[in-house]
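**Student:** just to be clear, the model below is a prediction. Sequence and coordinates:
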There are 2 protein chains.
Amino acid sequence: MPEPAKNRAPHQAHCKDCSLAPLCLPLSLELADMDALDDIVKRGRPLKKGEYLFRQGEAFDAVYAVRSGALKTFSLSDNGEEQITGFHLPSELLGLSGVDTQTYPVTAQAQETTSVCEIPFERLDELSVQLPQLRRQLMRVMSREIRDDQQMMLLLSKKTADARIATFLVNLSARHTARGYSAVQFRLSMSRNEIGNFLGLAVETVSRVFTRFQQGGLLEAQGKEVRILDAQQLCAVAGGTMLD
Amino acid sequence: MPEPAKNRAPHQAHCKDCSLAPLCLPLSLELADMDALDDIVKRGRPLKKGEYLFRQGEAFDAVYAVRSGALKTFSLSDNGEEQITGFHLPSELLGLSGVDTQTYPVTAQAQETTSVCEIPFERLDELSVQLPQLRRQLMRVMSREIRDDQQMMLLLSKKTADARIATFLVNLSARHTARGYSAVQFRLSMSRNEIGNFLGLAVETVSRVFTRFQQGGLLEAQGKEVRILDAQQLCAVAGGTMLD
DNA sequence: CGTATTATTGAATACCATCAACAGACGTGG
DNA sequence: CCACGTCTGTTGATGGTATTCAATAATACG
C-alpha cells in the first residue's frame, strides 16, 4: 500500500519513519525497540473537526499521541461549565489523566482534522517492562505534564490578562518551533472564546488584549492567523512586565 | 530498638506495619512485595518546621512519601515571587515533578515537624519492573496529581474567593477523613498568607472570607484551628453557590 | 447569499487587590 | 514572669482590573 510522503507531515505508518519520534514516546528508543512499540500502536482514520477522541467518563484503555492536527481537552464541572485543560499539538500525549480512575476525567475533541496514534495502555505498560527507555519516557511525559500544569496554576493565580495571553502565545510559539514550524507566524487552532476559557478570562478581555498588543506593535493578528512582531517584548510581558 | 507505637501515628519502621500503606505506594502490594519496597526506602530523622526536604534546582534522585506532619511545595518564578503548588499530608508523594528534567522544579519545606520516607527513584524504577502493582500505583499517583492540578486550574480560573476557600476546606476535610481523622475539626498547617498564595488570593481576602463564613455559621475558626459547622452548605459554596 | 457563529468595541458594574491601621499571637530575652 | 518586638491576622477605605451587559462588525458555513 503506497502512502505518499506528504511534505513533512507524519502520515507514514511507523514510528521509526515518523518525524515526531524525537518529541514523542519513541524518544531515545533503539530502532528494534521502536518496532516493538510500533506493533502495539493503532492508527485509525483521521478525526474531523469537532469529533471526539474520548469523552469524560468513558472507560480508560488507551493513551493517544497526536500525529497531525490539534485537539483540546476539557472537563465539565458539576454545574455544567466547561473548563479547557489543554490544547494538544502533534507529538503530545493525551489521556494519561485517566490512569488513576480508569476513566477519562476529560473529553478530547478535535480542533481541526486530526490524526492520532492510539496506544492501548495495558500493552504499553507491559512493553515498558522490557524497555527501560520507554518506561522512563512515559514517566517523563507525566512528570512534565505535572510541571506544566503547575506553571499554569502560577499563571492563573498571579498573572494579569496581558501576561496570560503573552505567555500563551510565547508557549505556542515555542511548541511550534520545536516541531519545525515558524516561531513567529502560525494559525491558532482555537477560538478567542476557547483561549479565554483556558486562561480564565472573558472572551471580551482576550479580544481587548489582542487589540492592545497589536496597537503596541507586539503582534499582528487577523482572525486566527497570528504573527509575532516583537518576541522579546512579548516575553517580557509574559514574565509580568506591564504594558504602558 | 523499641519504638513505642504512638497512637495511630506511623512511626514504625516498615511499610507492612504502616497505617498509611493503603493510601500510599504499597497499596495493593502483597506482603512479600511490600518488603521489597521497604528495602529501598530510607527513613531519616524528622524535619523541623521550616527545614527543606529538597530545593528547586537540586538534582532529582528520590521521591518522598510523607509519614507524619505536613509540607508545602512552592516554586520561585523569574521575578522572584513564590507560588505554592501544594500542601502535602501523610501518605502523599512528593517530588515526582522532577522526573522529567532530573531536577526538582519546586522546593519542599516542612510546615511542622515532619517525617518522610525517602524512595530513591532509580531503585523504585528498577523495582517497578518486577512489581506490576507497584508500577501501576506509581502511574496512578502521577495520574491523580495531573487530575488534581487540573481541578486546581478550574478553581483558579473560574471560582470566586468564597468558592476557592470553601473548596480548599472541603478538600482538606476529605483528606483528613481518608486518614482517619475528624472531617469537621482540624488544624491548618499553613498560614492565611500561604492559603492566599496557594489559592491566588490576597491575605486580606482570605481573612475576610473566613470571617464571612463564620458569620454565616458555616464554620468556627480561631487561628489555625478550624471546625466545620455546616459541611453541606460549605460544599454548596465550593461548587459555586454564592453566599447571600 | 443569508444566517449563525465568532469577534470587537463601549459603558457600567463587581470583585478582589492594595493601602493603611490596628489587634492579637508568638517567642525571646531581660 | 512580664516586657518587648516581630510576625500574623483582622478590619476598613479606596481603586484597579477584568467581568458583564449590550450593540455592532466580521467571519464562517450551509
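**Tutor:** Okay, I see it.
**Student:** CA only for contacts and neighbour counts going forward, please
**Tutor:** Will do.
**Student:** how about A:Ile195: what's its closest non-neighbour residue?
**Tutor:** Spatial nearest neighbour of A:Ile195, excluding adjacent residues (CA to CA, 6 or more residues apart in numbering or on different chains): A:Val206 at 7.4 Å.
**Student:** right, and the helix or strand after the helix or strand containing that neighbour?
**Tutor:** Assigning secondary structure by DSSP states H and E places A:Val206 in helix A:203-215. Beyond helix A:203-215 on the C-terminal side, the first helix or strand identified by DSSP H and E is strand A:219-222.
**Student:** report all helices and strands that that following strand contacts.
**Tutor:** Contacts defined by 3 or more CA pairs under 8 Å, 6 or more residues apart in numbering or on different chains; DSSP states H and E place strand A:219-222 against helix A:203-215, strand A:225-228.
**Student:** pull out the buried residues from that strand.
**Tutor:** By 16 or more other CA atoms under 10 Å in any protein chain shown, the buried positions in strand A:219-222 come out as A:Leu219, A:Glu220, A:Ala221.
**Student:** do the same with stretch A:49-62
**Tutor:** Buried, per 16+ other CA under 10 Å, within stretch A:49-62: A:Glu51, A:Tyr52, A:Leu53, A:Phe54, A:Arg55, A:Gln56, A:Phe60, A:Asp61, A:Ala62.
**Student:** pLDDT wise, what is the last one at?
**Tutor:** Think A:Ala62. The per-residue pLDDT reported for A:Ala62 equals 98.
**Student:** that one contacts A:Glu118, doesn't it?
**Tutor:** Yes - at 6.4 Å, A:Ala62 and A:Glu118 qualify as touching, with contact defined as CA atoms under 8 Å.
**Student:** OK, contacts around the residue nearest to A:Ile195?
**Tutor:** Shown in contact with A:Val206 (CA atoms under 8 Å, 6 or more residues apart in numbering or on different chains): A:Ala161, A:Ile165, A:Arg192, A:Asn193, A:Ile195, A:Gly196.
**Student:** what is the three-state secondary structure of the last one?
**Tutor:** So the one you mean is A:Gly196. Following DSSP: H, G, I helix; E, B strand; the rest coil, A:Gly196 is assigned to helix.
**Student:** just checking, it touches A:Ser207?
**Tutor:** No - here A:Gly196 does not reach A:Ser207: they are 9.1 Å apart, not a contact under CA under 8 Å.
**Student:** higher neighbour count, those two?
**Tutor:** The residue with more neighbours, out of A:Gly196 and A:Ser207, is A:Gly196; 21 against 15, by other CA atoms under 10 Å in any protein chain shown.
**Student:** quick one on the thing from earlier: near DNA strand D, list only the ones from the contacts of A:Val206.
**Tutor:** A:Ala161 (CA under 7 Å from any atom of the strand).
**Student:** which one of the contacts of A:Val206 sits in the busiest neighbourhood?
**Tutor:** Greatest neighbour count in the contacts of A:Val206, by other CA under 10 Å, goes to A:Ile165: 25 neighbours.
**Student:** any idea which element it lies in?
**Tutor:** According to DSSP H and E, A:Ile165 maps onto helix A:161-178.
**Student:** average pLDDT across that helix?
**Tutor:** On average, helix A:161-178 scores 97.
**Student:** which strands or helices does that helix pack on?
**Tutor:** Applying 3+ CA pairs under 8 Å, 6+ apart, one finds that helix A:161-178 makes contact with helix A:203-215, helix A:231-239.
**Student:** that helix to helix A:231-239, inter-axis angle?
**Tutor:** Per axes from the mean of the first three to the mean of the last three CA atoms, to 10 degrees, the angle that helix A:161-178 makes with helix A:231-239 is 130 degrees.
**Student:** contacts only, for the residue nearest in space to the middle of chain A.
**Tutor:** By CA atoms, centre = their mean, chain A has its centre lying nearest to A:His88, at 1.8 Å. A:His88 is in contact with A:Val66, A:Ala70, A:Leu71, A:Lys72, A:Thr73, A:Leu94, counting by CA under 8 Å, 6+ apart.
**Student:** so which of the residues you listed is the closest to DNA strand C?
**Tutor:** A:Lys72 (13.8 Å; CA to the nearest atom of the strand).
**Student:** before we move on, the earlier item: ok, which of the helices and strands packed on strand A:219-222 comes nearest DNA strand C?
**Tutor:** DNA strand C lies closest, by CA to the nearest atom of the strand, to one member of the helices and strands packed on strand A:219-222: helix A:203-215, at 3.6 Å.
**Student:** quick one: check the closest one for contact with DNA strand C.
**Tutor:** Yes - residues of helix A:203-215 are located near DNA strand C by CA under 7 Å from any atom of the strand, namely A:Val203, A:Glu204, A:Thr205, A:Val206, A:Ser207, A:Arg208, A:Phe210, A:Thr211.
**Student:** quick one: mean pLDDT for that helix?
**Tutor:** Regarding helix A:203-215, the rounded mean pLDDT is 97.
**Student:** that helix versus helix A:161-178: what angle between them?
**Tutor:** Going by the same axes, to 10 degrees, helix A:203-215 makes 70 degrees with helix A:161-178.
**Student:** do helix A:203-215 and DNA strand D come into contact?
**Tutor:** Yes - Helix A:203-215 is in contact with DNA strand D by CA under 7 Å from any atom of the strand, via A:Val203, A:Glu204, A:Thr205.
**Student:** buried stuff in that helix?
**Tutor:** A:Thr205, A:Val206, A:Val209, A:Phe210, A:Phe213, A:Gln214.
**Student:** of all those, which comes closest to B:Leu27?
**Tutor:** Lowest distance from B:Leu27 to those (CA to CA) belongs to A:Val206, with 45.3 Å.
**Student:** isn't there a helix covering A:Asp78?
**Tutor:** No - the assignment for A:Asp78 is coil, going by three-state DSSP, so no helix is present there.
**Student:** for it, which non-adjacent residue is closest in space?
**Tutor:** Spatially, and ignoring its direct neighbours in sequence, A:Asp78 is nearest to B:Gly239 (7.5 Å; CA to CA, 6+ apart).
**Student:** for that neighbour, give its distance to A:Pro105.
**Tutor:** Going from B:Gly239 to A:Pro105 by CA to CA, to the nearest Å gives 17 Å.
**Student:** for A:Val41, same thing?
**Tutor:** Distance, A:Val41 to A:Pro105, by CA to CA: 23 Å.
**Student:** ok, back up a step: between B:Gly239 and A:Pro105, who's got more neighbours?
**Tutor:** Higher neighbour count among B:Gly239 and A:Pro105: A:Pro105, with 26 against 19, using other CA under 10 Å.
**Student:** I'd guess A:Glu118 is in a strand, am I close?
**Tutor:** Yes - secondary structure of A:Glu118 (three-state DSSP): part of a strand.
**Student:** low-confidence bits of chain A, can you list those?
**Tutor:** Applying pLDDT under 70 to chain A flags the ranges A:1-12, A:241-244.
**Student:** longest helix in it, by number of residues?
**Tutor:** In chain A, with assignment by DSSP state H, the single longest helix is helix A:132-158.
**Student:** which parts of it are buried?
**Tutor:** Buried residues in helix A:132-158, defined by neighbour count with 16+ other CA under 10 Å: A:133-147, A:149-158.
**Student:** contact residues of chain A facing DNA strand C?
**Tutor:** Chain A comes close to DNA strand C at residues A:190-193, A:203-208, A:210-211, A:221-224, as judged by CA under 7 Å from any atom of the strand.
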